[in-house]
Structures are given as structure tokens and as C-alpha cells.
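Participant: Task: produce atomic coordinates for the following.
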Amino acid sequence: MGEVLSQNEIDSLLAALSTGELDVDEMQGKEDKQVKNYDFKRPAKFSKEHLRTLEIIYEHYGRLLATTLPVYLRKNIQVTVASSETVTFSEFTNALSNPVILGIINFQPLGGNIILDLAANLGFAMIDRMLGGKGVPLEKNRDFSDIEMSIIEKILIISLQMMREPWKNVLDISPILERIETNPQFAQVIAPNEMIAIVTLNMKIGDVEGFMNVCLPYFTLESVMDKLNTKYWFSTMQDTNTEDYQMYIESLIKRVDVPLKVVMGNSKISVCDFINLQVGDIIRLDTNVDSELDVYVGNIKKFTAVPGTDKDKYAARVTTILREEE
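Facilitator: Numbers count the residues shown, from 1 in each chain. Have a look, this model is predicted:
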């Protein structure tokens, strides 16, 4: 509904027209609006707000990848959101190289699938690290072997489990990896002209850098499009109890496994003597039989103990707890 003018405004407008201060033709010319072309082949189904919300979700996801994957790859990993855009599915598949790692993911409880696209050089670097190498990709890409695909499948499943938490503000999801394709022609999960949102993550594993693309079809996200905005998030946020959160963190920490070792003593021998050691040889240590032993938690000396046995197993009884100031 247009703006309603007051009687004084109407009188002023008529007076300006009668005196020639305003020209009707100029006013009509100013009201003409530029016509914007609309491509029905590429309907704008994702707004800027939707793309921004998806970027926020996958910024959180990138931080989880950067803190979790180093446990398995034993290498520092950096993950950042590079860009987000909307394209047709055919444009996405035509831009893919061959071979490529495409994880077809059932995005339960939403209908349809999403695709996780991992660059081949990142895949080979991960495989090299998992097999004890330095994480160097191949100079020339080739097809993945069955053993290599099994390793990639394990990494993708781990990565999928971390996708649940960033999506909690929108929906509780349970993503399931249905299959992995290395040829884009076999990954036609939706119509070629269907619009998709692509969130591109820049991943760096040591010195190896590549992209991970998350392909999100509109058909899959259609039922939750109204929730893909930050206004909805703020309206549904609830205050969390700090004490409950602290107890939850403490309970998780208590279940963490830590290495524990008891050092019987130390000794220095020559390499020749070490090579010629035989069963029954005696090595002289720098501790006495009745000396207390050092107990290490990780690399920190935390206790002292005396050796003994428990039934038919070796054991150590803690005698002193070493504080930080000691």
C-alpha cells in the first residue's frame, strides 16, 4: 500500500504543479524502474541470508575438522570457508576432475542426498599419513585402489559424524555415507538443472592444500529453508546452565585414556653390548632394590611408588603424590 499524503501535502503538490515548479513528465520518468532479467533455468532459490547461514554452519564444521582429524593423521590441519555460491547441479559436476572423491550422503531425516567432494590430492595425502608416510600427494593422480578407498571411507565417516553438531541449531541430523564415487558420471543423484548451494572449504594438511566442497541441493533443504537464517537461531537459543556444562566437560575428561608408566631405573651400555644381549643377561640400573620408583603420567612425573606383585602380575603401590610446585 502506497504512502497516504496529508491534506497540506496535497495542497503543496497542486500549488507546485500550477506554478510550474514540478513537471509531470519528469516525475513519471523518475518513477520508471530498471527491469531485471530473470533466468527461469537458474531460479534464485537460495538467498544471501541462506548462503551466509550455511557459511556459519560450515565455519563451525571446519573448526571441528581442524581439531579432530589431526588425531588420526598426526598432522596439523587448517580448515577455512573459502566461498559459497549457487549453481546448477550440471555445472557442479562438469567442473569436477577425474578421479575425484565424492561421498554420497543420506542426509536423514531430510529427504534426498548431499555430496561431499574431496580433492584427490588431499585424499592421497591423507592415505599417505594413515599408512605412516609424510603426507605427500602423488605427482600424477591415478585411480584409487580398494585398500585406499577403505581408508578414505573411514575418514569420510569420521568427518560426517562431526557434521551433526553444527546443524543442531537447524535440525538434528543423522548423516549416513551411502557410497563413494570417483567418477562424476556415476554421482547423478539429482536432476542436472536442479539448483544447489556449494560451500567450499579450503583445507591445508601440512604443506598440501586443496578444497573440500559440500554440495547441498535445494530439494534436500527445502523443508528447513525457513530455519536457515540467523534470526531463527537467536529466537530459539536457550540459556545453558554453566554448572551443568562444567560437569559434562569433567565427565568427558574423566573418560580420557592417558599413558601411565613406572620407570624401574636407567642404565648406559654400549651399542655392542646392546646388540649382543641374550636371555638371562643382567643390566645394572642406577636404583637400589628398596628405592622408590618414579611414576609418569604422559611425560610428567606425578607419583612415586614401590614395586611389588598383585596375584601373578607385576604392580606398583603409590607412596607419594608430587604436586606442581615440587
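
Participant: and residue 162, how many residues sit next to it?
Facilitator: Counted with other CB atoms under 10 Å, residues neighbouring residue 162 total 18. Where C-beta positions appear, they are placed from N, C-alpha and C, glycine not excepted.

Participant: typed the wrong thing, it's residue 9
Facilitator: Other residues near residue 9 come to 11 when the count uses other CB under 10 Å.

Participant: Make sure I have this right: it is in a helix.
Facilitator: Yes: secondary structure assignment (DSSP: H, G, I helix; E, B strand; the rest coil) places residue 9 inside a helix.

Participant: Check what pLDDT it gets.
Facilitator: Confidence at residue 9, expressed as pLDDT, is 75.

Participant: Over to residue 322?
Facilitator: Reading off the confidence values, residue 322 has pLDDT 86.

Participant: so how many other residues sit close to it?
Facilitator: Look at residue 322: counted by other CB under 10 Å, it has 13 neighbours.

Participant: That one reaches residue 297, doesn't it?
Facilitator: No: in this structure, residue 322 sits apart from residue 297 without contact. The criterion is CB atoms under 8 Å, and the distance is 10.1 Å.

Participant: avg pLDDT for stretch 170-182?
Facilitator: Predicted confidence along stretch 170-182 averages 88 (mean pLDDT).

Participant: Can you tell me what sits against that stretch?
Facilitator: Taking CB atoms under 8 Å, 6 or more residues apart in numbering as the criterion, the residues outside stretch 170-182 that touch it are 57, 98-110, 113-114, 143-144, 149, 152-153, 156-157, 160, 163-164, 167, 187, 224, 227-228.

Participant: Give me the buried positions along it.
Facilitator: By neighbour count on 16 or more other CB atoms under 10 Å, the buried set for stretch 170-182 is 170, 173, 175, 180-182.

Participant: Please narrow those to those residing in strands.
Facilitator: In strands, judged by DSSP state E, the following of those are found: 175, 180-181.

Participant: what are the ranges of the helices in the stretch 151-300 of the chain?
Facilitator: Remark: helices assigned in the stretch 151-300 of the chain by DSSP state H, counting those that start in this stretch are 218-221, 230-236, 242-254, 271-275.
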